[in-house]
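> Here's a sequence, model it:
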Amino acid sequence: MSVFNQPRRRVIMLIILGMVCIIVARLFFLQVVEKKYAKLADANAVLRKVVYPSRGIIYDRKGRPVLSNDVLYDLVVTPKSVKNIDTAYLCRILKMDKEEFRKKIADCIKKNGAVRQSVFSSLLPAEVYGQLQESMYNFQPGFELIPRQIRSYPYGAAANILGYIAEISPTMLKDSNYASYNSGDYLGMTGLEKTYESILMGQRGIQYLVKDNLNRPQGAYENGEFDSAAVAGKNLRLSLDIELQAFGEQLMHGKIGSIVAIDPQDGGILAMVSGPSFDPNLLTGSFRSANFNKLYTDTTLPLFNRAIQAQYPPGSTFKPMIALVGLDEGVITPSTGYPCGGAYYGCSRPIKCEHHDAGHAANLRLALSHSCNSYFSHTYRLCVDAAKWGGIRVGGMQKWADYMNSFGFGHKIGVDVPSERPGRIPDKKYYDAKYKGSWNSCTSVFLGIGQGEVETTPLQMANAMCIISNKGSYFIPHFVRSIDNDDSHILDKYKKPHVVANISDTAYSAVIHGMTDVVESGTGRVAQIDGVTIGGKTGTAENYAIIDGKRTKMPNHAQFVAFAPAENPKIAICVIVERSGFGAKYAAPIASLMIEKYLKDSIATKRQPLLKTVMETVTIPENMRNRSKLDSLNATVIRKKQ
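The predicted model follows:
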């Protein structure tokens, strides 16, 4: 019997024959029928060019573009392809010597290898680009001009919110999170540019061009048959009011601090100012790196977003929350008073109050409007020492901390710009560790007046005003209201209301009445606006610094929190001006002017002197002003007129 008649061997032979037929058929298809790969293999005649998409535009709440795209050019190089070019002429155009030329080539090889493109000279000025464009055939193969979209900012405002874009670093390229990026790509580094990078970036395209014998592009290859189109990034629509933002930055000129304004009805951030601010056009164009270095080393820290990163003792602006806890726990009522004679004597040392007149803390409304330290120190101790919690060291301290956490303190709220700080709310665990279990309500009594170990951010305090004005609910503060042509659910978390601690409307109403008295007849009268009822609270936070190893008292931070109109709030705000004294001196006027600008779109004539005074006042210490580099910076993009 022949071996070929054996069933197993016959099957194997058939399988091998079938595979050979498939391979032959595929080769015939690729080499005879399909022309694509044969055509693209001709590398000497075809130039592969990456087409970068238009980055998404960002608009404010009224549809005004707060940034747009301009085009500059990078000169890129593929080191291994650099042969027989006019090096001397190229160096003359770029204003460098041959030694610097060789060093840049070596740096490109070290950065990305010899066969990959690297940026040789980025964001070329117009005159340099013009000279290169006319003479590129002298520098090919090897060099190529690639268009780069850069951002321009017509209002010159909101730098810390919007963020900036820059070239991806070698370190980032090694990170799997950036696997879709190539060397030379630009991406968002901070702010909204970073948070919404995947939305704004779009999708790169590829274009194939025919080259002549001098390597000059002559047109589309095969009528663009093999090209892939770039897909533009999606646009963002913000809750930000860019004119209010720019106005806030003017008010904070010459001052260190922050303004955060939020719409309580949906959590949309109307303005977020960190002072001192800077023109975002400084971080775009050919001088971006030099300007960044100056900003980074500036003594006033303009790159530091104080609205979400700075943590301050809230001072008396914390008292409304202390009152709410006291009312909810039943340790006080709106009619509860306290016989304050100018200080609280319930602990080992007196806690001074600014008021000595009899009856200034006869009830909650009066205590809030006069900002009585004794009243709120006493209220705090009643809460944490309550017998139903077993006293402060059993459950009282932790219960109080839970209330504060529910108000948005002691943790990140979740705003849609990066680098938010959590603040600090001390709890039982904190005090046990710090005092080895030997502590009581007098140890932490200063928490009742917003001092001691508690720290909050301006964003958290503005959000707390949303909670009070809404009588117990808030939306996570955010900038982006909508994304054009987007069906994802990335913004869903900002549209859900959060209920706080189930405190009664009666308790909130009592606190709101006290806060309106603050502005009508109390410590915040300077914030009054004709025809607008404002609920507010002044605060003066003590400020200490370690100098020569010693804890040294520094000028106090001024604070003011508010919401308006009190009966139907449309804006909640927190203002902090560092080292400027009482809250009513600068913080309250700034908040009041911001509220008036937003609600009425202009400042009344009779308040123009106040506006002028605020804008001209400088509170930055002279030694810091002298070392600041902000005035030496130059923006390279001309701002468009509105």
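
> Residues contacting the helix or strand harbouring residue 135, please?
Residue 135 belongs to helix 126-135 when assigned by DSSP states H and E. The contact list for helix 126-135 (CB atoms under 8 Å, 6 or more residues apart in numbering) reads 72-73, 75, 89, 93-94, 121, 124, 139, 145. (C-beta placed from N, C-alpha, C; glycine too.)

> wait, which of these is closest to residue 543?
residue 72 (44.2 Å; CB to CB).

> Pretty sure the closest one sits against residue 286.
Yes - Residue 72 is in contact with residue 286 according to CB atoms under 8 Å; the separation is 7.4 Å.

> Overlap of the contact sets of those two?
With CB under 8 Å, 6+ apart, residue 72 and residue 286 have common neighbours 123-124.

> sec struct for residue 554, please.
strand (DSSP: H, G, I helix; E, B strand; the rest coil).

> Now do the SS call for the closest residue to it other than its chain neighbours.
Among residues not flanking residue 554 along the chain, residue 543 sits closest, at 4.5 Å (CB to CB, 6 or more residues apart in numbering). Three-state assignment for residue 543 (three-state DSSP): strand.

> so how many other residues sit close to residue 543?
Other residues near residue 543 come to 16 when the count uses other CB atoms under 10 Å.

> Report pLDDT for it.
As predicted, residue 543 sits at a pLDDT of 70.

> Test my guess that it contacts residue 577.
No - between residue 543 and residue 577 there is no contact under CB under 8 Å: 11.5 Å.

> hey, what's in contact with both of those two?
residue 557.

> from the contacts of helix 126-135, which two are the most distant?
Between any two of the contacts of helix 126-135, the greatest separation by CB to CB is 21.8 Å, found for 72 and 89.

> For the helix or strand harbouring residue 623, list the C-alpha coordinates in PDB.
Here residue 623, judged by DSSP H and E, is contained in helix 622-627. Presented in PDB, the C-alpha positions along helix 622-627 are these (Å, rounded to 0.1, in the frame of the first residue of the first chain):
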ATOM      1  CA  GLU A 622       8.200  96.100  49.500                       C
ATOM      2  CA  ASN A 623      11.000  93.500  49.800                       C
ATOM      3  CA  MET A 624       9.000  91.000  47.700                       C
ATOM      4  CA  ARG A 625       8.100  93.700  45.100                       C
ATOM      5  CA  ASN A 626      11.700  94.600  44.700                       C
ATOM      6  CA  ARG A 627      12.600  91.000  44.000                       C
END
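
> which ones are touching the residue lying closest to residue 510 once chain neighbours are set aside?
Sequence neighbours aside, residue 334 is the residue nearest to residue 510 in space, at 4.1 Å (criterion: CB to CB, 6+ apart). Residues counted as contacts of residue 334 (CB under 8 Å, 6+ apart) are 327, 363-365, 510, 513.

> Between those, which sits nearest residue 309?
Relative to residue 309, the closest of these is residue 327; by CB to CB it sits at 32.5 Å.

> If you drop the residues flanking it in sequence, what lies closest to that closest one?
residue 507 (3.8 Å).
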